[in-house]
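>>> output the structure for:
(chains A, B and C)
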Amino acid sequence: MSGAFLSLSGLTKRFGGLTAVSDVSFGMAAGDLISIIGPNGAGKTTLFNLVTGQLPATAGRVAFKGQDITNEPPQVRARRGFGRTFQISKTLTALTTLENAMVGAFLHHRDLAAASRRAEEMLELVGLGARAGIKAGNLTLSERRRLEIARALALDCSVLLLDEVMAGLNQTEVADVIALVRRLHREGLTILVIEHNLKVVRAFESRVIVLDFGAMIADGMPEAVLSDPNVVEAYLGRKRT
Amino acid sequence: MAVSAPRRAAEGITTFAAEALRIAAILVVLLALIWLYRRDPFTLNILAYTFLFASLASAWNIIGGFGGQFSLGHGVFFAIGAYVTANLYIHLGLSPWISLIPAAGLAAGAAVLVSWPTFRLKGPFFAIATMALNEVAFVLANYSDTLTGGPRGLSVPFKAGLANMIFASRLSYALLMLGFLAVCLLVCAYAYRSRLGYYLQAVQIDEDAARAAGIRVLRVKLTGMAMSAALTGIGGAIFAMYLRFVDPPTLLSLPDVGVKFALIALIGGVGMLYGPLAGALLIVPLEFQLRAGLGASVPGGNLLVLGVILVLCALFLKRGIVGTAVMLWDRARRRFW
Amino acid sequence: MSGLLNIIVVGLLLGGIYGLISMGLNLIFGVIRIVNFAHGELVMLGMYGAYMCYFLLGMDPYASLVIVVPAMFVFGVLIQRFVLQPLQGEPMMQIFATFGLLLIFQNAVLAITRGVGYTAPSALSSIVVDVGGIKISLVRLIALVAVSAAALFLSWFVKNTMLGKAVRAVTQDRRAARLMGIHVEWAFMLTFGAGAALAGLAGTLIAPIYTMSPQIGGNFILAAFAVVVLGGLGSVWGAYIGGFLIGVTEAVAGYYLDPSLKTAIWFAIFIGMLIVRPSGLFGVVGAEEIGLREQD
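Got it, this is the predicted structure:
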């Protein structure tokens, strides 16, 4: 596997008798954009939580910039440069949009004025500049997703992990978020995306990893991967039920 | 962080400096209130209690409101401050002004020590544990005769003087309590309008999201708790010198102390900077009136009314006085602006 | 040796009372996920209910069960419907509301009785049973039998009746239960009613044992919390076993150390348990961490 920026080797997670993630290994180079796809229940979010430290791994290791971070809790990984969003949007609804982004910005900007400036920049970047003063609870779903991206970016993260940021969005909103992710990627950010929507993955035109029952069944560029009979079967098998 | 980072905060963010101005305005109004009643000892006593409980409820609000850690055990920190100060004054003749330091320090230390294991509990479980802690402190205070005087309590001899923090006039006490309120409000404002305040709120709302933002959850909670307990300990010290008598029921009664801090904050607006002050301005004078009026004729009548207020507030005034006022103001502004 | 045996018997009898008081608390917690701070006061109301039946109708406390227990059930249903149901999903407000109820109950009784201590004597009060040289007061033995019967009945009820199954479904997954056509609000009212009825049962059964005061609930609630934490949040048998453990610990510690330190001992058990095994002996792992947030 290429890339020493972020590497997963033999990563496994068992819940009692259930193996949610089984022996997953791949590497990312700085500036990569990789999508992880798979049918519902394939273990995508569990894998994600292993990478961010929200869940402890049963076996295997995660290394970041050459250092073993397998046993580090999420707050330490955030300091190292991990920024993430959650599948179920974890916007802090009682705070304003700007204040939400500030919670991220405070990590490297102790001062209130500096943090609020940084947060404002990030909101502009994701297109929420005009919504800064609104309570986050009043934002639309797509705005909340972009706010979560802004909060992660405000951490000055070097790797951005997006957990199904398109779920529940309409066509236009999906196109907007795709454009945003591609732009961040062009600017040099390393991005790991979990996606359910195959169209989105095609639009990224970059490496795709397919999970099924917790194991990797395919790895490559979208055209090749999406025509792989194993992948087709995994998706069609799900549809039949 | 860039050295050239602009010092001005983004629009829509209230800074500590702006908050300090508001506090100054509030203090001027309260000072005028004291001046208005300067010859009325009964009202001055009510004002002194009101300011003291406004301070204590504000202190509670740091961890209970901003941080959402529903402590019912703040009476313990209050009692630590009171006993430390009374003992140092009675046995060593130490000026209570100096005792404020060990009072705050020991209260904060005790808070960190007991919070370490209990902070893993969430919501009501944390409330139960802290309530139990208060009950244990009550038993221990009754039991350890040498430190607390047991059930008989400790009496501080009357020797008026600024150095002794003992005054002949109620006016001086009302001013003392107002000074303490000023300190508490400034500390709360500083906590609220800084990284700590945002981190506490982030932790309250969602610990997973907070961790993902690089927040050390336990450390943030412990910091908030230590600040809150230190102020509560100072409050206990001042209270001991005001009453000049302390015993377990006055310091550790759940409904009169630990729960009351939380209750005042809730009625005023939990998690809002000026909520506890608003709550105290309403509840403390009301209680005095009830106790003088109803309590004399019907035993427990004053607490009965308080219970009814509490249930009604929980049902119909969920955001408290300040929260509801802010909401109504926003609604009015949106309609007429 | 017979001294220690005696103490253990005293502890078991006390444990029966604690178990009885904790069971309703734990039932309410397990199903509705509300920590009822006013539970000790519901027990206290049960005691005064027994006294009223004795004073007005000349009823023996044991006979007054037929009035007090149903009355407390209805009272519990009303509390759930009008105070706690509107606060569903707001744990902080629920704590405050139950605290408000605590103040109301305590002081309403204080205002009415003016703080005079009562007892509701039973014809059985003076009977002492002699078991192998150990003297056991019959009224305490009855409490012990009652808690065992209540635990058996409850666990039978939730396993084998439609209503019990509905309550269990609600406990496990509110949303799914709602989709299956279970009226969640009704299940909650029923549960709170049952919890209050258990408190009423406990109050009536201890009415002949303790001198009543409006504050007596406060003596029980902390022990009940310790029992619940020890036995496991939401577990009927946890409350049963936990009651005995706390009762025996208290009796032994009271004899060998100092009775006034019992609260400190409860707390030590409480904190120790929270650190070692936060879910309690019989509880579901993680319940204490989930708190009351996870369900709508």
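>>> from the chain's centre, how far out does the longest helix anywhere in chain B sit?
Counting residues, the longest helix found in chain B (DSSP state H) is helix B:217-243. What separates the centre of helix B:217-243 from the centre of its chain is 8 Å, taken as Cα atoms, centre = their mean, to the nearest Å.
>>> same check, this time on stretch B:94-109
For stretch B:94-109, the distance to the chain centre is 16 Å (Cα atoms, centre = their mean).
>>> so what touches it?
Applying Cβ atoms under 8 Å, 6 or more residues apart in numbering or on different chains, the contact partners of stretch B:94-109 are B:77-78, B:80-82, B:84-85, B:88-89, B:163-165, B:226-227, B:229-234, B:236-238, B:240-241. Placement of C-beta: from N, CA and C, glycine included.
>>> what's the helix or strand for A:S142?
If you go by DSSP states H and E, A:S142 is part of helix A:141-154.
>>> that helix: what's the following helix or strand?
Next along from helix A:141-154, by DSSP H and E: strand A:159-163.
>>> contacts for stretch B:249-258?
Contacts of stretch B:249-258 (Cβ under 8 Å, 6+ apart): B:71-76, B:78-79, B:82-83, B:130-131, B:134-135, B:137-138, B:141, B:153, B:236, B:239, B:243, B:303, C:103, C:218.
>>> looking at those, which are in strands?
Of the contacts of stretch B:249-258, none are assigned to strands by DSSP state E.
>>> give the buried residues for the host helix or strand of C:R140.
Assigned by DSSP H and E, C:R140 belongs to helix C:138-160. Residues C:V139, C:R140, C:L141, C:I142, C:A143, C:L144, C:A146, C:V147, C:A150, C:A151, C:L154, C:V158 are the ones in helix C:138-160 that count as buried (16 or more other Cβ atoms under 10 Å in any protein chain shown).
>>> on contacts alone, who are the packing partners of that helix?
helix C:2-32, strand C:128-131, helix C:162-172, helix C:184-206, helix C:236-256 (3 or more Cβ pairs under 8 Å, 6 or more residues apart in numbering or on different chains; DSSP states H and E).
>>> can you put these in a markdown table and add mean neighbour count and distance to B:F42?
What follows is these, written out as a markdown table (neighbours: other Cβ atoms under 10 Å in any protein chain shown; distance: least, Cβ to Cβ, whole Å):
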| stretch | mean neighbour count | distance to B:F42 |
| --- | --- | --- |
| helix C:2-32 | 23 | 43 |
| strand C:128-131 | 10 | 57 |
| helix C:162-172 | 17 | 54 |
| helix C:184-206 | 26 | 42 |
| helix C:236-256 | 22 | 46 |
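>>> domains for chain A, by residue range?
A:1-76+A:161-168+A:190-241, A:82-157 (automatic domain parsing).
>>> just say which of these is most tucked in.
domain A:82-157 (a mean of 22; mean count of other Cβ atoms under 10 Å in any protein chain shown).
>>> that one near chain C at all?
No. Counting by Cβ under 8 Å from any Cβ of the partner chain, chain C has no neighbours in domain A:82-157; the shortest distance is 11.6 Å.
>>> what's the helix or strand for the closest residue in space to B:A182 that isn't next to it in sequence?
Excluding the flanking residues, the one nearest B:A182 by Cβ to Cβ, 6 or more residues apart in numbering or on different chains is B:L27, at 5.5 Å. Using DSSP H and E, B:L27 sits in helix B:16-36.
>>> ok, back up a step: pull out the CA atoms of the helix holding C:R140 and give them to me as CSV.
Coordinates of the C-alpha atoms in helix C:138-160 are reproduced here as CSV (Å, rounded to 0.1, in the frame of the first residue of the first chain):
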residue,chain,number,x,y,z
LEU,C,138,-43.8,-10.0,63.1
VAL,C,139,-44.4,-6.7,61.3
ARG,C,140,-40.8,-6.6,60.0
LEU,C,141,-41.1,-10.2,58.9
ILE,C,142,-44.3,-9.3,57.0
ALA,C,143,-42.3,-6.5,55.2
LEU,C,144,-39.7,-9.1,54.3
VAL,C,145,-42.3,-11.5,52.9
ALA,C,146,-44.0,-8.6,51.1
VAL,C,147,-40.9,-7.6,49.2
SER,C,148,-40.3,-11.1,48.1
ALA,C,149,-43.8,-11.5,46.9
ALA,C,150,-43.6,-8.1,45.1
ALA,C,151,-40.4,-9.0,43.4
LEU,C,152,-41.9,-12.4,42.3
PHE,C,153,-45.1,-10.8,41.1
LEU,C,154,-43.3,-8.1,39.2
SER,C,155,-41.0,-10.4,37.3
TRP,C,156,-43.9,-12.7,36.6
PHE,C,157,-46.0,-9.8,35.4
VAL,C,158,-43.5,-8.3,32.9
LYS,C,159,-42.7,-11.8,31.5
ASN,C,160,-46.1,-13.3,31.2
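>>> sweet, I'm off.
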